[in-house]
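Peer 1: predicted model, plus sequence, below.
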Amino acid sequence: MTNEAERKMQFLFALRSRGVTDTRVLNAMERIDRGAFVRGIFAERAYEDMPLPIACGQTISQPSVVGLMTQALNVQPRDKVLEIGTGSGYQAAILSLLARRVYTIDRHRRLVREARQVFDALGLANVTAFAADGSRGLPDQAPFDRILVTAAAEDPPGPLLAELRIGGIMVLPVGQSDTVQSLIKVTRLDTGFDYEELRPVRFVPLLEGLGQD
Ligand code: SAH
C-alpha cells in the first residue's frame with residue numbers, strides 16, 4: 001500500500017473510532033484532502049486528528065470534531081447551508097459535497113480570500129465565501145436548512161435562529177471562550193426551538209465586527 005493510501009486509512013480509522021460513523025460524512029472526508037487547507041510547517045500534520053494553526057491566529061478544527069459536527073447537522077442533498085467561521089475552508093468543503101449550496105462567512109478577509117482559492121483549485125463550485133460578521137447571519141440568502149457555527153458564542157445569536165427554516169437544524173458551540181464549551185443542536189419546530197446538548201468542545205470565540213486583515 002502506498003504511504004498516501006495508508007495515511008488515508010488511518011485518518012478514516014481515527015474518525016470512526018471517535019464516533020464518526022455516518023457513511024456520507026466519511027465519504028466526503030475521504031474525498032476532501034485536509035492537506036490542501038493547511039500551510040507551511042503544519043501541512044505534514046494535516047492527517048493527524050488534531051487542530052492546527054492557520055493564518056490570522058485562527059485554527060482549523062480537529063477532523064473528528066468536524067466529522068461529529070457534520071454528522072449532527074444531518075445535511076440532506078437539497079439543503080442550503082450556512083457556515084459561520086470559514087477559517088481554512090475545510091469544513092465548508094466537506095459540506096459542499098453533502099449539500100446543494102453552501103455559504104460560508106469569516107470576519108477575516110484574508111482567510112476568505114485563501115479559502116476561495118482552495119475551493120477553486122478543488123473545483124467546488126457550490127460554495128461561496130464572504131467576509132462579514134457572521135453573527136448577523138446572511139439575510140439575503142435566508143432561510144437556511146442547516147446552519148453550522150464553528151466559533152463559540154455565549155448564546156445562539158438571534159439573527160441565526162431567525163434565519164433557520166422551520167424543520168431546520170443549527171449546530172454550534174456555546175459557552176465562555178476560555179473554558180470548555182458545549183456543542184449544541186438546535187432544531188426549529190413550528191412552535192419554537194428544541195435544544196439538545198451533544199458534547200464538550202473547545203472553539204475560538206465568535207467575535208463582533210470584521211478583523212484587521
Ligand atoms: N471552520 C473552520 C475553522 C473555524 S475557526 C475550518 O474548517 O477551518 C473559527 C473561525 O471563526 C475563525 O476563522 C474566525 O475568524 C471566525 N469568526 C469568529 N467570529 C466570527 C464572526 N463574528 N463572523 C464570522 N467569522 C467569525
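Peer 2: Thanks, I have the structure now. Numbers count the residues shown, from 1 in each chain.

Peer 1: near the ligand, which residues of the protein?
Peer 2: Counting by Cβ under 6 Å from any ligand atom, the chain comes close to the ligand at 58-61, 84-85, 87-88, 90-91, 105-108, 111, 133-135, 150-151, 204, 206-207. For the C-beta atoms, the positions are set from N, CA and C on the backbone; glycine is no exception.

Peer 1: please indicate which of the residues you listed are buried?
Peer 2: Listed as buried from the residues of the chain next to the ligand are 58-61, 84-85, 87-88, 90-91, 105-108, 111, 133-135, 150-151, 204, 206; burial here means 16 or more other Cβ atoms under 10 Å.

Peer 1: can you pull the pLDDT of the most centrally placed residue in the chain?
Peer 2: Nearest residue to the geometric centre of the chain (Cα atoms, centre = their mean): Q91, 3.8 Å. Here the pLDDT value assigned to Q91 is 98.

Peer 1: name the SS class of it, please.
Peer 2: helix (DSSP: H, G, I helix; E, B strand; the rest coil).

Peer 1: how about residues contacting the host helix or strand of L82?
Peer 2: Assigned by DSSP states H and E, L82 belongs to strand 80-84. By Cβ atoms under 8 Å, 6 or more residues apart in numbering, the residues outside strand 80-84 that reach it are 73, 75, 91-92, 95, 99-105, 134-135, 137-138, 141-142, 144-151, 160, 163, 206.

Peer 1: now do that strand, average pLDDT.
Peer 2: 98.

Peer 1: ok, stretch 33-49 next?
Peer 2: On average, stretch 33-49 scores 92.

Peer 1: low pLDDT regions in the protein?
Peer 2: Within the chain, the segments meeting pLDDT under 70 span 1.

Peer 1: do a quick rundown of the helices in it.
Peer 2: In the chain, the helices defined using DSSP state H lie at 3-17, 23-31, 63-73, 90-98, 109-122, 158-162.

Peer 1: for the fourth one, packing partners?
Peer 2: What that stands for is helix 90-98. Applying 3 or more Cβ pairs under 8 Å, 6 or more residues apart in numbering; DSSP states H and E, we find helix 90-98 packed against helix 23-31, helix 63-73, strand 80-84, strand 101-106, helix 109-122, strand 127-131.
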